[in-house]
Each structure stands twice: as C-alpha cells, then as structure tokens.
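Trainee: Provided below are the primary sequence and the corresponding predicted coordinates.
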Amino acid sequence: MTGGNGRVGKELQNWGIEPLLCDVTDPLQIIDSVSSTKPDLIIHLAAISDIDLCEKKENAQKVIDVNLRGTYNVLDVAEKFQTKVVMLSSDHVFDGKWNLFRRGYSEDSNPNPMNFYGYSKFAAEGLSNTFSNFKIVRTSYLFDAERLKGKEFQSQPTFIHRSFMYLPHFVSRLLQYCGKFDDMPTITHITGSKVASWYKFMSSFEDVSPRNVEPDYTFAPRPRCAGLRTKYKFFNPVSYETGISEMLGSR
C-alpha cells in the first residue's frame with residue numbers, strides 16, 4: 001500500500017499489509033519500491049485529505065501533485081509491472097444537496113464535488129478511463145477510539161450526515177474486496193449501513209453531550225447530506241452502532 005502512515009494504512013499493517021516506501025510524487029521512487037517488492041496489488045491510500053487544508057489556494061498545487069498526479073504515477077508504474085491498484089476515495093465527490101431522505105449515494109449517483117479535496121479525488125477517479133488495472137473503493141467517515149479523542153470529535157458540525165463505519169470493519173471488507181478484485185466493479189462503496197448526523201452519532205456515547213453546531217464558514221464547504229450506500233451485496237452490511245459496541249468492548 002501507499003500512504004502506510006495514515007489511519008487506514010496503520011490498521012492495514014495490523015492485518016499484515018506491507019507499505020510501499022516511496023513518495024508518490026516521484027515516479028523513480030515508485031519504480032524502485034514496486035520493482036523490489038513485486039506486489040500483485042497496491043492499495044493506494046496516499047493523499048492529502050485535510051478538507052480545510054486542501055481548500056486553501058496556496059495548497060492547491062500540492063494537492064494536485066499528490067492526489068491526482070501521484071495517483072497517475074502509481075497507476076503508470078503499476079501498469080508496467082502488471083500490478084492491480086485499488087484507490088480509496090470519498091463521499092466528498094458528492095455535493096450532499098439532493099440526499100433529502102438521507103439514504104446515501106450509490107455507485108451510480110452523479111458526482112458533483114463542492115470542495116477542492118472532492119474535486120481532486122473525483123479527478124483521480126477519472127483515471128479509471130485510462131488504466132484498466134485500476135478500481136475505486138469509496139467510503140465515508142471511518143472511526144476508531146483514537147480518532148474520536150479530543151478536538152476533531154468535539155468540533156464537527158453536527159448538521160452534517162455521513163455513513164459512519166468502524167475502521168476494523170472497513171479494513172476487513174476492503175481486504176475481502178482485494179481478494180476478489182477481478183470480479184469487482186470499477187467503483188464500489190464500502191461503508192456503514194446507516195446514514196446519520198454527527199449529532200446522532202455523538203449521542204451514541206454516554207460521556208459526550210452533543211450540541212447542535214451550526215455552519216461555521218471558516219470551514220471549507222462540506223456536503224451536508226453526504227454518506228453512501230451500495231447497490232451491490234458483496235459484503236454483509238454493518239451499522240456504526242455495532243462498531244461502537246465492539247470498540248467500547250475492546251477497551
């Protein structure tokens with residue numbers, strides 16, 4: 001995998017997946033790493049995913065270099081080595097405006113990003129028209145005990161809806177997906193089985209007293225009713241409540 005130092009990457013390492021030691025903006029580093037490890041499949045995680053950082057104009061070129069050109073570099077090298085690639089994408093490729101019943105977007109919903117991060121991931125997804133060795137897994141908000149500590153958890157705009165999923169649940173299904181790569185569609189959603197507001201999600205924790213946080217326009221734009229669903233039945237659906245129960249039980 002690329003991006004092994006991120007949250008998903010660290011969880012994947014717990015499952016025995018090895019990181020590629022390379023900078024995705026440097027094709028020569030990717031060649032060296034792929035040629036020495038000879039992977040059958042690369043899980044492409046490397047990306048700049050801080051929504052507010054991506055939105056700042058001074059960071060635009062860096063975001064393009066990593067999220068779009070970096071993906072191209074990985075795919076180009078992987079194609080030469082006949083290696084398959086799965087990229088992790090996001091529900092931020094949707095605008096969250098039409099989803100009035102909060103069912104979530106399916107794989108055949110039309111993307112329409114409303115922030116620069118979403119545009120960069122949507123552009124990277126478009127490389128599937130060029131590379132036949134490339135497939136995409138979209139997800140929504142992945143949580144674990146570490147991520148829910150402190151400021152990030154408490155400061156979320158609670159009017160936003162996501163399809164929350166416990167990180168180990170996601171990773172186990174992602175690995176099942178990778179094992180069936182050839183049978184999978186170009187785009188698949190692996191996400192929690194329910195779409196809920198941050199307020200409802202936070203209310204699931206006894207030690208948290210959520211408050212309705214109104215839109216703060218110091219935030220980058222975010223899809224209000226985001227969240228995903230899938231039209232496929234490859235994996236058993238699992239709710240965020242089940243994930244919270246397992247997470248709290250493992251403490």
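Mentor: Yep, that arrived.

Trainee: just the strands from the stretch 151-251 of the chain, written as ranges.
Mentor: For the stretch 151-251 of the chain, the strands defined by DSSP state E, counting those that start in this stretch cover 161-162, 165-166, 187-189, 196-197.

Trainee: reformat these as TSV; add mean pLDDT and distance to residue 109.
Mentor: Quick note: C-beta positions are derived from backbone N, CA and C, even for glycine. Below are those laid out as TSV (pLDDT from 0 to 100; distance: least, Cβ to Cβ, whole Å):
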stretch	mean pLDDT	distance to residue 109
strand 161-162	92	15
strand 165-166	97	18
strand 187-189	98	10
strand 196-197	89	19
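
Trainee: quick check: beta-bridge partners of residue 143?
Mentor: Beta-bridge pairing of residue 143 under DSSP bridges involves residue 166.

Trainee: quick revisit: quick one: closest of the strands of the stretch 151-251 of the chain to residue 85.
Mentor: Smallest distance to residue 85 across the strands of the stretch 151-251 of the chain (Cβ to Cβ): 13.5 Å, for strand 187-189.

Trainee: direction included, what does that closest one pair up with?
Mentor: Strands that pair with strand 187-189, judged by DSSP bridges, come out as strand 134-139 (parallel).

Trainee: only alpha carbons, please: show the strand it pairs with as CSV.
Mentor: C-alpha atoms of strand 134-139 as CSV (Å, rounded to 0.1, in the frame of the first residue of the first chain):
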residue,chain,number,x,y,z
PHE,A,134,-7.5,0.4,-11.6
LYS,A,135,-10.6,0.2,-9.3
ILE,A,136,-12.0,2.5,-6.7
VAL,A,137,-13.4,2.0,-3.3
ARG,A,138,-15.3,4.9,-1.8
THR,A,139,-16.1,5.2,1.9
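
Trainee: how far away from the center of its chain is it?
Mentor: Centroid separation for strand 134-139 versus its chain: 9 Å, with Cα atoms, centre = their mean, to the nearest Å.

Trainee: who touches that strand?
Mentor: Contacts to strand 134-139, defined as Cβ atoms under 8 Å, 6 or more residues apart in numbering, come from residues 75, 84-91, 93, 107, 125, 127-128, 165, 170, 174, 177, 181, 184-191, 228.

Trainee: show me where the protein has its helices.
Mentor: 7-14, 27-37, 51-55, 60-63, 70-80, 116-125, 151-154, 167-179, 198-202, 240-249 (DSSP state H).

Trainee: ranking the ones you listed by burial, who's on top?
Mentor: Across those, the average number of neighbours (mean count of other Cβ atoms under 10 Å) peaks for helix 116-125, which reaches a mean of 23.

Trainee: can you name every helix or strand that it contacts?
Mentor: helix 51-55, helix 60-63, strand 84-90 (3 or more Cβ pairs under 8 Å, 6 or more residues apart in numbering; DSSP states H and E).

Trainee: give me the buried entries from the contacts of strand 134-139.
Mentor: The neighbour count (16 or more other Cβ atoms under 10 Å) marks 75, 84-91, 93, 107, 125, 127-128, 165, 170, 174, 177, 184, 187-191, 228 as buried among the contacts of strand 134-139.
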